[in-house]
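> just need the structure, nothing else, for what follows:
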Amino acid sequence: MAGAIPHGVTRDPGTIWSKDTAVAIDVPPDGIVDPLPEARWPVEDTRTGIYGVVTPNVVALADGTYRMYYTQILPREGFSAGSNDYDNSTTRILSAVSPDALVWTLEQGVRLSAAQGGAGNFRVVSPEVVPFSDGSGRWRMYYECCPGPQAEASSLRSALSEDGLRWTMEPGVRMGGDGSYNSPRLIFLADGRCRLYCGDRGRGIVSALSEDGGFTFALEPGLRIAQESPYEALTVFAPEVLPLAGGGYRMYYAGYSTANRAYVLGAVSEDGLNWQKEAKPVIAPGGRWDGAKCSEMCVVEVPGEGVPGYRLFYEACDGTAVDERGVWRIAGATGI
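Prediction:
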């Protein structure tokens, strides 16, 4: 399967997706203190956006199952609003497993806390987990490190794991200093180098190259995706880049038209550097779970009848709270 290559797919999953009726990962209800990562609660319990789950990243495991890494947003000590006051929230990276990328079982324990990831009591966000290319079975997680309110610049850092569950932060910063970087995605190139795509707040989506297996990166000139269309008027970020087995690339990315509307958008490229955007959103808000926003996403290839199928997971905000902030959950869709 092409998915054995990080983000690799056999064919272009395209732009037509059918949204799931149930969420993939839900959030703890209001009133829960220090929720266990593996706990589930009834769907009908009250949720107003104090807790949130965002930034899904799914990897295919050697035994044919799947693991999703994601970010849980929680209230930070002294700030009770949680994800409804994102500047003053804290986060942790959790995980869930599935035999089929349809039904998910939450795993015990925290994969990476804010403190473990170098963010103090603020936020580690947007895990991107890839295997080492040397066949050692080790994993590297890239993530966004937010050491304060959003006005402070974010950097991209990394952590290592032998088993995908216990993680140790690597020294230094993978990208930082000259920008505010977020939402990393990494692909392996045919010449042995790695290319990392990410958002650079206020600029657009950029890319960087690594010649040492993904530890140090040099920013490439220009923008891969600039803010141009009405769907991107506020910001663009969160590139999900899929190398196609037959050549070329597919990208899904997030665009905000206003602070209260976000979309999953699409683009294609022959070389991974120059991208042709698609005119209409791939996934637009309007359902029970994503009434306001459809944002940071991932795609995984799954077995199908004759040809592989595709599952897309994205962060979805229902817009039910003040200023259409609402509850952030992880929703899913199936390629058609």
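> hey, where'd the helices end up in the stretch 151-300 of the chain?
With DSSP state H, counting those that start in this stretch, there are no helices along the stretch 151-300 of the chain.
> ranges for the strands of it?
155-161, 168-169, 181-188, 194-200, 204-210, 218-219, 225-226, 235-243, 249-258, 261-269, 275-277, 293-302 (DSSP state E, counting those that start in this stretch).
> which secondary structure elements does the first one contact?
The contact analysis (3 or more Cβ pairs under 8 Å, 6 or more residues apart in numbering; DSSP states H and E) places strand 155-161 against strand 139-146, strand 168-169, strand 181-188. In this view, the C-beta of every residue, glycine as well, is placed from N, C-alpha and C.
> what pairs with the shortest one, parallel or antiparallel?
Put plainly, it is strand 168-169. strand 155-161 (antiparallel) (DSSP bridges).
> tell me which residues of the strand it pairs with are tucked away?
Ser155, Leu156, Arg157, Ser158, Ala159, Ser161 (16 or more other Cβ atoms under 10 Å).
> which ones are touching the last one?
Put plainly, it is Ser161. Arg138, Trp139, Arg140, Met141, Trp167, Thr168 (Cβ atoms under 8 Å, 6 or more residues apart in numbering).
> in CSV, list the residues you listed along with distance to Val33.
CSV is the format used below for the contacts of Ser161 (distance: Cβ to Cβ, whole Å):
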residue, distance to Val33
Arg138, 36
Trp139, 32
Arg140, 33
Met141, 28
Trp167, 25
Thr168, 29
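> quick one on the thing from earlier: now distance to Thr90 and mean pLDDT too, for the strands of the stretch 151-300 of the chain, in CSV please.
As requested, the strands of the stretch 151-300 of the chain are exported to CSV (distance: least, Cβ to Cβ, whole Å; pLDDT from 0 to 100):
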stretch, distance to Thr90, mean pLDDT
strand 155-161, 16, 98
strand 168-169, 17, 98
strand 181-188, 17, 98
strand 194-200, 21, 98
strand 204-210, 27, 98
strand 218-219, 29, 98
strand 225-226, 30, 98
strand 235-243, 21, 98
strand 249-258, 22, 98
strand 261-269, 22, 98
strand 275-277, 34, 98
strand 293-302, 18, 98
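> which residues touch the residue nearest to Asp20 when sequence neighbours are not counted?
Beyond its immediate neighbours in the sequence, the residue positioned closest to Asp20 (Cβ to Cβ, 6 or more residues apart in numbering) is Gly332, lying 4.3 Å away. Going by Cβ under 8 Å, 6+ apart, Gly332 touches Lys19, Asp20, Val23, Ala24, Leu102, Arg311, Leu312, Phe313, Tyr314.
> next: Ser133.
Phe188, Gly213.
> looking at it now. What's its pLDDT?
pLDDT recorded at Ser133 is 80.
> how far away is it from Ala101?
To Ala101, Ser133 is 24 Å away according to Cβ to Cβ, to the nearest Å.
> got it, and Met297?
14 Å.
> how many residues are close by Met68?
26 (other Cβ atoms under 10 Å).
> Val236 too?
Val236, neighbours per other Cβ under 10 Å, totals 26.
> cool, and Asp100?
12.
> and what of Val43?
For Val43, the count of nearby residues is 10 (other Cβ under 10 Å).
> hmm, it is touching Asp26, no?
Yes. Using Cβ atoms under 8 Å, Val43 is in contact with Asp26, at 6.9 Å.
> give me the buried positions along stretch 72-88.
Gln72, Ile73, Leu74, Pro75, Arg76, Ala81, Gly82, Ser83, Asn84, Tyr86, Asn88.
> returning to what we had before: could you dump the buried residues of strand 155-161 to CSV with distance to Leu223?
Shown next, in CSV, are the buried residues of strand 155-161 (distance: Cβ to Cβ, whole Å):
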residue, distance to Leu223
Ser155, 19
Leu156, 17
Arg157, 23
Ser158, 24
Ala159, 28
Ser161, 32
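> nearest to Pro13 among those residues?
Leu156 (25.7 Å; Cβ to Cβ).
> which residues touch Ala226?
Gly204, Val236.
> sorry, slip of the keys, the one I care about is Gln276.
Gln276 touches Ala267, Val268, Ser269, counting by Cβ under 8 Å, 6+ apart.
> sorry, back to before: would a markdown table of the helices and strands packed on strand 155-161 with mean neighbour count and distance to Arg11 be doable?
Formatted as a markdown table, the helices and strands packed on strand 155-161 follow (neighbours: other Cβ atoms under 10 Å; distance: least, Cβ to Cβ, whole Å):
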| stretch | mean neighbour count | distance to Arg11 |
| --- | --- | --- |
| strand 139-146 | 26 | 26 |
| strand 168-169 | 14 | 37 |
| strand 181-188 | 25 | 17 |
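> could you dump those strands into CSV and include distance to Glu220?
Output for the helices and strands packed on strand 155-161, formatted as CSV (distance: least, Cβ to Cβ, whole Å):
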stretch, distance to Glu220
strand 139-146, 17
strand 168-169, 26
strand 181-188, 13
